[in-house]
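S.K.: Would you be able to build a 3D model of this:
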Amino acid sequence: MARENRTLLIVDSSASHRFYLGSMLRRLEYAVHSAASAEDAVQLMADILPSLVITEFALPEMNGIGLLTTMKQDQRLKTVPVIIQSADDGPGMKERCMTAGCTAYFKKPVEIEELYKTIQAALESSPRHTVRIETAFKVEVGDKKAPGGSVRQETVIELSDGGLYIRTLTPDPIKTVVPLMLFIEDRLINATAIVLYVSQKTGGQDQRPGMGMKFIKIDEKDRAFIRDYIKKQISQGLSLSHD
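M.R.: Modelled structure (predicted):
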């Protein structure tokens, strides 16, 4: 599914939770709409067909299962995946929701990594298993210590704990194994990555020229640092209050 068609609908009676979750998902490049009740969601979906719905179970009138059932009875909405969240994780709650036909069930609040993986699995033909964010920091590509080796400085514009996308006009060929030196905040990270795909200026998997790479050698402490860095970027300036 094309990125521009990845439209999510958050249904939650809590304004702070709608804002908090919506803001994080927008930072992950999703288009997000929200509704405070199942009834408002149904009305909104008359005009907007979401790619996926994330709903709280306990809503003011019709609950999350009621919303799911209503959608299943609508020819236009019946195939839209629905994720149900609940702060009340009592016995049988997950089974009840899954039996009703939801795509996934989570105890609220859900970890963004788990939610992201579930959304990816529901919407993408080639789902990502790690959260990827847009960023901008320097990376040294190559190894000047190798015979005939050289190092060039480029910019990382997308990052996950599994790999990165480097913006460059001189990408290495696919399957090339390349040493990298990353500079993230005040940390220096040495890693080795393999080129998975190359994009030109006017096409490819990424519309910006460069190369997508997967880490094949990286210290696990550095990988954990990247994971924490991504979490901080996604949640920066956000806090979840109870209203």
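S.K.: tell me which residues in the longest helix seen in the chain are buried?
M.R.: Longest helix of the chain, by residue count under DSSP state H: helix 220-235. Neighbour-count burial for helix 220-235, counted by 16 or more other CB atoms under 10 Å, picks out 222, 223, 225, 226, 227, 229, 230, 231, 234. (Glycine included, C-beta is placed from N, CA and C.)
S.K.: Which one of the residues you listed is nearest to residue 170?
M.R.: Of all the buried residues of helix 220-235, residue 170 sits closest to residue 226, with 24.7 Å by CB to CB.
S.K.: Quick check: the gap between the residue lying closest to the closest one once chain neighbours are set aside and residue 40.
M.R.: Nearest residue to residue 226, sequence neighbours excluded (CB to CB, 6 or more residues apart in numbering): residue 161, at 4.6 Å. Distance of residue 161 to residue 40, given as CB to CB, to the nearest Å: 37 Å.
S.K.: Please apply the same query to residue 78.
M.R.: From residue 78 over to residue 40 the distance is 20 Å, taken as CB to CB.
S.K.: and what of residue 108?
M.R.: Using CB to CB, one obtains 19 Å as the distance from residue 108 to residue 40.
S.K.: if you count what's nearby, which of the two comes out ahead?
M.R.: residue 108 (17 against 14; other CB atoms under 10 Å).
S.K.: ok, now which ones touch that one?
M.R.: Going by CB atoms under 8 Å, 6 or more residues apart in numbering, residue 108 touches 17, 56, 85, 86, 87.
S.K.: okay, among those, which ones form the most distant pair?
M.R.: Farthest pair in those (CB to CB) is 17 and 86. Separation: 12.2 Å.
S.K.: Look up the residues that both of these two are in contact with.
M.R.: Between them, residue 17 and residue 86 share these contacting residues under CB under 8 Å, 6+ apart: 56, 108.
S.K.: wait, residue 61 sits on residue 36?
M.R.: No. Between residue 61 and residue 36 there is no contact under CB atoms under 8 Å: 10.9 Å.
S.K.: more neighbours, those two?
M.R.: A side-by-side neighbour count of residue 61 and residue 36, using other CB under 10 Å, places residue 36 first with 17 against 8.
S.K.: what's near enough to touch that one?
M.R.: Residues in contact with residue 36 (CB under 8 Å, 6+ apart) are 11, 12, 13, 15, 18, 60.
S.K.: what about 7 Å?
M.R.: Counting by CB atoms under 7 Å, 6 or more residues apart in numbering, residue 36 touches residue 13.
S.K.: Before I go, just wanted to say thanks for your time.
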